[in-house]
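Undergrad: generate coordinates for the sequence data below:
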Amino acid sequence: MRTAIERATGDFSIIQDADLEYDPSEYPILVRPLLDGRADAVFGSRYLAGSQTRVLPYWHSMINKALTTLSNMFCNLKLTDMETGYKVFRTDLLKSIPIRSDRFGFEPEIVMKSAKRMLRIYEVPISYHGRTYEEGKKIGWKDGIKAMQVILKFWVIDDLYAAPYGRAFLNNLTGTPQYLTWLTRVLRPFVGDTVLEVGAGIGNISARLMSRRLLYVAGEKEPLYLHALRNRFLRTPNVNVKKIDPESGPDFEGLDESFDTILCVNVLEYVEDPAQTLAILQKALKPGGVLIVLVPQGLGLYGSLDRAMGHKRRFERNHVVALLQGAGLKVERIRSLNKISAPSWWLYSRVLRRSYINKVALKIFDKTVWLWRRIDGVLPWRGLSLILVSRK
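TA: Model prediction:
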C-alpha cells in the first residue's frame with residue numbers, strides 16, 4: 001500500500017482488501033460522496049442499514065464492533081465499521097499522511113489520523129462476502145491486540161503529516177492544546193475586531209482567537225493546510241480562509257480591507273527576507289493597527305531541530321525590534337515566552353543533534369503547562385520564543 005500510495009496519480013485512491021470479500025462493482029457507491037464534493041474519505045460499512053453481508057461467526061463480529069467502539073472513543077468519531085477493508089480517499093490527502101503500521105494496524109492508524117486531520121469522513125453501506133478461517137481468513141486475536149495498541153499509540157502521538165509537506169514538524173511541536181491555550185491567552189489582549197493571521201497552518205490558533213471577532217481571515221499558502229482550514233471553518237461565518245503567501249505582495253492586494261490586527265506567528269523564520277515580509281504586512285494594517293510577531297529566540301539555540309523544521313534562522317531581540325522599526329512600526333510590548341523549553345531545545349538540537357523531539361515528551365510537557373506558565377516569569381534565562389507587539 002505504501003508503494004501504491006507513493007505512485008498514485010489519480011484524484012481518488014481506493015484501498016480494498018485483495019481477497020474479494022468486498023465487491024469492486026460497488027466502487028460507484030464508494031466514490032459518490034467524493035464526486036459530489038462532500039467528502040475527503042469514504043468508508044464502506046458492513047453494519048449500516050442496507051448492507052448485504054454473509055452471516056459469519058458471532059465473536060468475530062463482536063471483536064470488530066468492540067475495536068470500532070474503542071477507536072470512536074479515542075478519536076471522537078461515530079463510525080460503525082472502523083476495521084473495514086474498503087476505503088477511498090482524496091489522493092493528495094492520502095499521500096500527505098505517513099503510514100507507520102503494518103498488517104491490520106493500517107485501519108486504526110488511518111482512522112485516527114483522518115480524525116485528527118479533521119477530514120470529512122462519510123460511511124456508505126456495502127455488501128460483504130466474508131470468508132471463514134477454513135477458506136483462508138488471516139486476521140486473529142493477536143491482530144485485535146495490535147489494533148488496540150495502534151489506537152492508543154496514535155491517540156498519544158500526533159504524527160499527522162509526511163515530512164515533505166510544508167511545516168509538518170511545526171504542527172507536531174505546537175499541536176499541543178494546553179501550550180496553545182497558554183499562547184493564545186498571551187496574545188488575546190492585543191487582538192482587535194478585524195484580524196488577519198498569516199501562516200495559519202491547520203487553524204490551531206485561529207480556532208482559539210476567532211470568536212467574537214467581526215472578521216477573522218486565516219491566510220495560508222500550503223494547499224493541504226488550506227484544505228484543513230476550509231474544512232475546519234466551513235460553517236463559521238466570521239472566518240474567511242484565503243490563499244496568502246506572506247512573501248507575495250499581490251496576495252495581499254486581493255484582500256477586501258485593511259485590518260486592525262495582523263498575527264505573524266512562527267512565520268519570519270521561514271521566509272527569505274523578513275524585512276520585506278514585514279513591509280508587506282504593514283501595508284495591510286489600518287493606521288493605529290497592531291502587528292503581533294512571534295519568532296524563535298536565541299541564535300545560540302539554532303541547530304538540528306531548526307534545520308529539520310525548515311527554519312532559516314532564529315532571532316535576537318534587538319534584531320526583531322530593528323526589523324519592525326524599519327517597516328514603520330513602533331514596538332510597544334516585548335515578552336519572552338516558554339522558558340522551560342529552552343534547555344530541552346538546546347539539548348536535543350545542539351548536543352544530541354536530533355531532528356525531532358520525542359512526541360511522548362511533548363505530551364508530558366503539554367500536561368504540565370499549568371505549572372510552567374506560572375513560573376515562566378521568574379526563570380532567569382530567556383524563553384524559547386519571543387513575542388513583540390507593534391503598532392502602525
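Undergrad: alpha carbons only: can I get the helix or strand hosting Val186 in PDB?
TA: Element membership for Val186, per DSSP states H and E: helix 177-187. The C-alpha coordinates for helix 177-187 follow below in PDB (Å, rounded to 0.1, in the frame of the first residue of the first chain):
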ATOM      1  CA  PRO A 177      -3.700  22.100  23.300                       C
ATOM      2  CA  GLN A 178      -2.500  23.300  26.700                       C
ATOM      3  CA  TYR A 179       0.500  25.100  25.300                       C
ATOM      4  CA  LEU A 180      -1.700  26.700  22.600                       C
ATOM      5  CA  THR A 181      -4.200  27.800  25.200                       C
ATOM      6  CA  TRP A 182      -1.300  29.500  27.100                       C
ATOM      7  CA  LEU A 183       0.000  31.100  23.900                       C
ATOM      8  CA  THR A 184      -3.400  32.500  22.900                       C
ATOM      9  CA  ARG A 185      -4.000  33.700  26.400                       C
ATOM     10  CA  VAL A 186      -0.900  35.900  26.000                       C
ATOM     11  CA  LEU A 187      -1.900  37.100  22.500                       C
END
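Undergrad: can you point out the buried residues in it?
TA: Across helix 177-187, burial judged by 16 or more other CB atoms under 10 Å covers 178-180, 182-184, 186-187. The C-beta positions use only the backbone N, C-alpha and C, and glycine is treated the same way.
Undergrad: in this structure, which strand has the most residues?
TA: Secondary structure assigned by DSSP state E gives strand 285-296 as the longest strand of the chain.
Undergrad: out of the buried residues of helix 177-187, what pair is the most spread apart?
TA: Comparing all pairs in these by CB to CB, the longest separation belongs to Gln178 and Leu187, at 15.2 Å.
Undergrad: ok so, going back, and of the buried residues of helix 177-187, the nearest to Val351?
TA: Out of the buried residues of helix 177-187, the member with the shortest distance to Val351 (by CB to CB) is Tyr179, at 23.0 Å.
Undergrad: that closest one contacts Ile364, correct?
TA: No. Using CB atoms under 8 Å, Tyr179 is not in contact with Ile364, being 11.7 Å away.
Undergrad: pLDDT weak spots in this structure?
TA: In the prediction, the chain carries residues with pLDDT under 70 at positions 56, 131-140, 163-175.
Undergrad: now the element after the biggest helix by length in it, going C-ward?
TA: Under DSSP state H, the helix in the chain containing the largest number of residues is helix 58-75. Proceeding N to C from helix 58-75, the next assigned helix or strand is strand 86-90, under DSSP H and E.
Undergrad: which residues touch stretch 345-360?
TA: For stretch 345-360, contacts defined as CB atoms under 8 Å, 6 or more residues apart in numbering pick out 156-159, 169, 172-173, 300-308, 344, 384.
Undergrad: how does the protein divide into domains?
TA: 2-156, 168-391 (automatic domain parsing).
Undergrad: gap between the shortest one and the chain center?
TA: If I follow you right, that is domain 2-156. Distance, stretch centre to chain centre, for domain 2-156: 21 Å (CA atoms, centre = their mean, to the nearest Å).
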